[in-house]
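Structure here, sequence nowhere to be found:
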Ligand code: IPM
Ligand code: MG
């Protein structure tokens with residue numbers, strides 16, 4: 001099994017290093033190869049997604065991704081900004097289905113900004129369409145001002161667009177995921193205003209005919225944003241477009257106390273995937289051993305489960321994370337009175353130690369690094 005490791009920028013390198021240690025402590029044969037991505041790749045090769053990085057990701061069985069971006073690139077032309085790397089990977093690898101679970105761990109109920117009774121036991125799944133919508137629609141652009149510069153230009157535009165097969169395939173993914181959970185799916189749209197999302201809603205209703213065992217409802221995105229903070233536990237699986245999913249998944253993440261806890265998977269039609277924490281590169285805390293590596297460690301568990309067919313190893317990682325939280329270890333983002341504040345590396349140490357104590361076999365993962 002070959003894993004492309006793309007740590008990226010900011011805290012990306014620190015958190016991915018801890019996830020690699022965790023993978024290395026399992027009894028699996030994994031081949032890993034690293035490449036630069038985002039701002040780091042721009043600095044070294046002049047492009048955020050160099051051809052060699054894209055090829056490595058395409059050839060691997062799965063991709064483990066850290067985070068990209070830094071404010072210092074805000075003035076670069078859009079095509080060279082770090083974010084283009086993750087957008088390019090999603091598009092080129094056909095990773096149209098983005099799974100963003102929002103789970104409130106029992107020990108972290110009090111870290112949420114919502115009342116504990118609203119979030120205790122929360123376990124919802126947002127499925128975000130990832131390669132269409134206004135993110136990728138053409139045409140897009142900015143009309144130049146008379147002097148040819150963007151400053152003072154009179155108009156800018158993006159195109160919101162979905163093609164029928166794009167909606168059909170994400171709807172199938174969502175109904176199938178709901179079937180494996182609480183059998184309830186909420187499709188989030190803006191059909192009251194946008195043609196694109198009336199189309200979305202119509203197609204989701206059509207696809208529903210093949211999943212009569214799943215209860216489907218529809219919600220406008222503004223109402224969904226409100227219900228997520230009013231009664232988050234009323235949801236099971238949410239499916240929505242790229243833009244709404246971007247926003248709602250950040251909102252849902254915060255219900256759980258910290259976005260630093262949440263993994264994500266972006267899958268193609270064959271189940272190959274890219275796995276990354278739901279959070280960004282946090283340049284303000286980079287290099288300070290402050291970042292929470294658990295979202296990335298849990299992303300590695302998702303990778304084992306969804307792309308590498310190693311569900312038992314995924315369970316072990318998740319159990320080890322639970323054990324570490326139960327033992328009271330917390331990075332700064334989830335720390336509260338009475339718990340022990342630890343850094344990124346110490347959190348990684350603790351998860352590795354918890355794996356060892358839970359393991360019966362002495363065999364270790366064989367990792368060959370490229
Ligand atoms: C995310 C991020 C990205 C997105 C950015 C970094 C391009 O916010 O993965 O949610 O908007 O999709
Ligand atoms: Mg986002």
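Ah, there it is. Note that the coordinates shown come from a computational prediction; the quantities given were computed from them, not determined experimentally. Residues are numbered from 1 along each chain as shown. Ligands and ions are numbered 1, 2, ... in the order given.

before we move on, which element is residue 98 in?
strand 97-103 (DSSP states H and E).

Outside of that strand itself, which residues are in contact with it?
With contacts defined as CB atoms under 8 Å, 6 or more residues apart in numbering, strand 97-103 is touched by 122-130, 169-170, 173, 177, 232, 245, 249, 252-253, 255-256, 261-268, 278, 302. Every C-beta, even on glycine, is put in place using the N, C-alpha and C of the backbone.

filter those to the buried ones?
Buried residues within the contacts of strand 97-103, counting neighbours by 16 or more other CB atoms under 10 Å: 122, 124-130, 170, 173, 177, 232, 245, 249, 252-253, 255-256, 261-268, 278, 302.

Could you list which of these also contact ligand 1?
Among the buried ones among the contacts of strand 97-103, no residue sits close to ligand 1 (CB under 6 Å from any ligand atom).

Report pLDDT for the closest residue to residue 45 other than its chain neighbours.
Of all residues not flanking residue 45 in the chain, residue 36 sits nearest, at 7.0 Å (CB to CB, 6 or more residues apart in numbering). At residue 36, the model reports a pLDDT of 98.

so who does residue 36 touch?
By CB under 8 Å, 6+ apart, the residues touching residue 36 are 6, 44, 45, 50, 53.

can you count the residues close to the fourth one?
Yep, that's residue 50 we're talking about. 18 (other CB atoms under 10 Å).

Next, count neighbours for the nearest residue to it once chain neighbours are set aside.
The shortest distance from residue 50 to any non-neighbouring residue, by CB to CB, 6+ apart, is to residue 41 (5.3 Å). Neighbour count of residue 41, defined by other CB under 10 Å: 23.

re earlier: using the three-state scheme, assign the residue nearest to residue 45.
Three-state assignment for residue 36 (DSSP: H, G, I helix; E, B strand; the rest coil): coil.

what about the stretch 1-150 of the chain, any weak spots by pLDDT?
Scanning the stretch 1-150 of the chain for pLDDT under 70 picks out 146-150.

ok, how many other residues are close to the residue of it found nearest ligand 1?
Per CB to the nearest ligand atom, residue 83 is where the stretch 1-150 of the chain lies closest to ligand 1, at 3.9 Å. Neighbourhood size, residue 83 [other CB under 10 Å]: 16.

was I right about it contacting residue 69?
Yes: under the criterion of CB atoms under 8 Å, residue 83 makes contact with residue 69 at 5.9 Å.

Give the residues shared as contacts by these two.
residue 38.

For the residue nearest the centre of the chain, give me the pLDDT.
The C-alpha lying nearest the average C-alpha coordinate of the chain belongs to residue 264 (CA atoms, centre = their mean; 3.1 Å). We have a pLDDT of 96 for residue 264.
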